[in-house]
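Chemist: Predicted coordinates and the sequence they were generated for:
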Amino acid sequence: MEIKDFTIGYLKNEYKKRNISPKEVLDFVFNRIRLYNSKINSFITLTEEHAYKSVESLKFEEVDLKPLWGIPVAIKDNMCFKGFKTTCSSKILENFVPIYTATAVQRLIDAGAIIIGKTNLDEFAMGSSTENSAFFTTSNPWDVERVPGGSSGGSAAAVAARLVPLATGSDTGGSIRQPASFCGVVGFKPTYGTVSRYGLVAFASSLDQIGPFATKVKDAEVAFSVMSGKDDMDSTSHPYEFSHVDKNIKEYRIGIIKELYETKGFDPEVLDSLNDVIGLLKAEGVKVDFCSLPHLEYSLPVYYLVATSEASSNLARFDGIRYGLRVEGKDVIETFSKTRGQGFGSEVKRRIMLGTYALSSGYYDAYYLKASKVRTLIVKDFERAFREFDCLLCPTSPTTAFKKGDKTNDPLSMYLSDIATIPVNLAGLPGISIPSGLDNKGLPIGLQIIGRPFEDNEVLNFANQLESIINFEAQPQLGGI
Ligand code: GLN
């Protein structure tokens, strides 16, 4: 058996022709994990036994009916999968086993996907490098001295290293798109509300979205079409129905976000790559112009008030009584404080303290309320831009993957790496990162495409065509496929 291409389309075709079986693909996947995972450390849990049992119950007659029939998938370890640990890379949930499965995960399974394991993340998805995991740091497959980005670093690295063709991530301020950019893969954050958050451990509920990682845009589209749609278990989920569009790239009017082009702090090579893409688009006859989002500069402060406030409230449930770790104290208050003191890492504590402060009596108006108002101004900036343009383009991240340890002592510089992704969450828009080239160190550069709310299909269609034009075929030197 030979696997020439690690995409859903290829695997399904081979399955249909009976050239390979899902069991053989699992052998291939677990073999690669045994070979390479020790270098990359993508996985917290492997669900090998479950996976082999699941392929046995696949019925060949359903290969055409189920879009993900026999496709191995890795799940970020902040999404519940019944019977297997969901740790959020935190000591406080180190031994927590959920009694139900997240809707998005269940929909993947119902479409024929085989869950092969749970991937590493920054604790409770707070971070941009996976260095905040309480267990270990994931390495970037392109250079193991460097971070894979975060917080969904385990999923991004696993797809980049071709340990699995598809993985899930969650994105609150960039956690799918930024690691996708650092790892040279596709990462898609859908419109807020299109994918149910039921069973996703909440970080910031007005920002969190689940989405896929894949090597190609088409695969991200298949996964999104399966995961999205109304779910009664999540009151913020939207009655969204995905439909594929086939519109020629020439029909799109493209805006380049001026504030993320002229600002300092962006690597010249990252901007060169964007310029190359602009050149390619113009050569195709696409209309490209600059657009301005004047309130974008407030995105980071707004995000770090809204996200931390919501986090401080969401994480109150981890008290040693209801879930996970419990460290006994002499009374209930001491039990709370010992459990939380020992269970949470320092970044999580920082955010809980910031958020609790911002929400506290007398400060709420000055911080949370004001941030919410400025958030509306950012939403309006995007609305204005989308009157003139169909999609907006910018680098996904100001830099390529940085070295481990480079930013761990400087939270602000870590926060700045999400400057281009955070505004998209604040406005609830769909955004995708696709690889656009390599820098002079041989590290991948990501390009972000942003669309109107609920026009996820347009973003995916544009990204799919641009991906063929860019034709990025490079893979990390691990023994590629
Ligand atoms: N890096 C951002 C943060 O630390 C975003 C994280 C995320 O999207 N989960 O909050």
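Modeler: Okay, I see it.
Chemist: which outside residues touch the lowest-mean-pLDDT helix or strand in the chain?
Modeler: In the chain, the helix or strand scored least confidently by mean pLDDT, DSSP states H and E is helix 411-416, which has a mean of 85. Contacts with helix 411-416, where a contact means Cβ atoms under 8 Å, 6 or more residues apart in numbering, come from Gly127, Ser128, Ser129, Gly265, Leu300, Tyr304, Glu347, Arg350, Pro398, Lys407, Thr408. (C-beta placed from N, C-alpha, C; glycine too.)
Chemist: Any buried residues in it, and which?
Modeler: Using 16 or more other Cβ atoms under 10 Å as the test for burial, helix 411-416 gives Met414, Tyr415, Leu416.
Chemist: And for stretch 76-90?
Modeler: In stretch 76-90, counting by 16+ other Cβ under 10 Å, buried: 76-81, 84-90.
Chemist: and if you look at stretch 134-146?
Modeler: For stretch 134-146, by 16+ other Cβ under 10 Å, it's Ala134, Phe135, Thr137, Thr138, Ser139, Asn140, Pro141, Trp142, Asp143, Val144, Arg146.
Chemist: CA atoms only for it, dumped as PDB, please.
Modeler: The C-alpha trace of stretch 134-146 is given here as PDB (Å, rounded to 0.1, in the frame of the first residue of the first chain):
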ATOM      1  CA  ALA A 134       0.800  22.300  31.800                       C
ATOM      2  CA  PHE A 135       2.200  19.100  30.300                       C
ATOM      3  CA  PHE A 136       4.700  19.800  27.500                       C
ATOM      4  CA  THR A 137       5.400  22.200  24.600                       C
ATOM      5  CA  THR A 138       4.600  21.000  21.100                       C
ATOM      6  CA  SER A 139       7.400  21.600  18.500                       C
ATOM      7  CA  ASN A 140       7.000  23.100  15.100                       C
ATOM      8  CA  PRO A 141       7.600  20.300  12.500                       C
ATOM      9  CA  TRP A 142       9.500  22.800  10.300                       C
ATOM     10  CA  ASP A 143      12.100  23.500  13.000                       C
ATOM     11  CA  VAL A 144      11.700  21.700  16.400                       C
ATOM     12  CA  GLU A 145      13.400  24.600  18.200                       C
ATOM     13  CA  ARG A 146      10.500  26.700  17.300                       C
END
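Chemist: in terms of contact, does Arg32 touch Pro165 like I think?
Modeler: No - judged on Cβ atoms under 8 Å, Arg32 makes no contact with Pro165 at a distance of 11.1 Å.
Chemist: These two: who's more crowded?
Modeler: Here Arg32 and Pro165 are compared on neighbour count by other Cβ atoms under 10 Å; more neighbours surround Pro165, at 28 against 20.
Chemist: how much space between the more buried one and Ser196?
Modeler: 23 Å (Cβ to Cβ, to the nearest Å).
Chemist: Tell me the residues of the stretch 51-200 of the chain that contact the ligand?
Modeler: Ala125, Met126, Gly127, Ser128, Ser151, Asp171, Thr172, Gly173, Gly174, Ser175 (Cβ under 6 Å from any ligand atom).
Chemist: From those residues, pick the one nearest Tyr100.
Modeler: Nearest to Tyr100 among those, counting by Cβ to Cβ, is Ala125 at 19.6 Å.
Chemist: what about the residue lying closest to the closest one once chain neighbours are set aside, neighbour count?
Modeler: Closest residue to Ala125 apart from its sequence neighbours, by Cβ to Cβ, 6 or more residues apart in numbering: Ser151 at 4.2 Å. Counted with other Cβ under 10 Å, the neighbours of Ser151 add up to 35.
Chemist: List phi and psi for Ser151.
Modeler: As for Ser151, its main-chain torsions (degrees, to the nearest 10) stand at phi -90, psi -20.
Chemist: My read is that it contacts Glu131, right?
Modeler: No - using Cβ under 8 Å, Ser151 makes no contact with Glu131, being 10.1 Å away.
Chemist: okay, and the common contacts of these two?
Modeler: Shared contacts of Ser151 and Glu131 (Cβ under 8 Å, 6+ apart): Asp122.
Chemist: Please report how far the residue nearest to Ala134 when sequence neighbours are not counted lies from the ligand.
Modeler: Residue nearest to Ala134 in three dimensions, not counting chain neighbours: Lys91, with 4.8 Å by Cβ to Cβ, 6+ apart. The gap separating Lys91 from the ligand is 19 Å, by Cβ to the nearest ligand atom, to the nearest Å.
Chemist: The residue nearest to Gly405 when sequence neighbours are not counted: neighbour count?
Modeler: Closest residue to Gly405 apart from its sequence neighbours, by Cβ to Cβ, 6+ apart: Glu131 at 7.7 Å. Other residues near Glu131 number 21, with proximity taken as other Cβ under 10 Å.
Chemist: Let's verify Arg340: helix, strand, or coil?
Modeler: Using DSSP: H, G, I helix; E, B strand; the rest coil, the secondary structure recorded for Arg340 is helix.
Chemist: how about it, what does it touch?
Modeler: Arg340 sits next to Ile92, Phe318, Asp319, Gly320 when contact means Cβ under 8 Å, 6+ apart.
Chemist: Name the residues of the stretch 351-481 of the chain found near the ligand, please.
Modeler: With Cβ under 6 Å from any ligand atom as the criterion, the stretch 351-481 of the chain meets the ligand at residues Asp418.
Chemist: what about the strands in the stretch 351-481 of the chain?
Modeler: Along the stretch 351-481 of the chain, the segments classed as strands by DSSP state E, counting those that start in this stretch run 391-395, 431-438, 444-451.
Chemist: Am I right that Ile8 is in contact with Pro212?
Modeler: No - using Cβ under 8 Å, Ile8 is not in contact with Pro212, being 10.5 Å away.
Chemist: any residues in contact with both of these two?
Modeler: In contact with both Ile8 and Pro212: Leu166, Asp219, using Cβ under 8 Å, 6+ apart.
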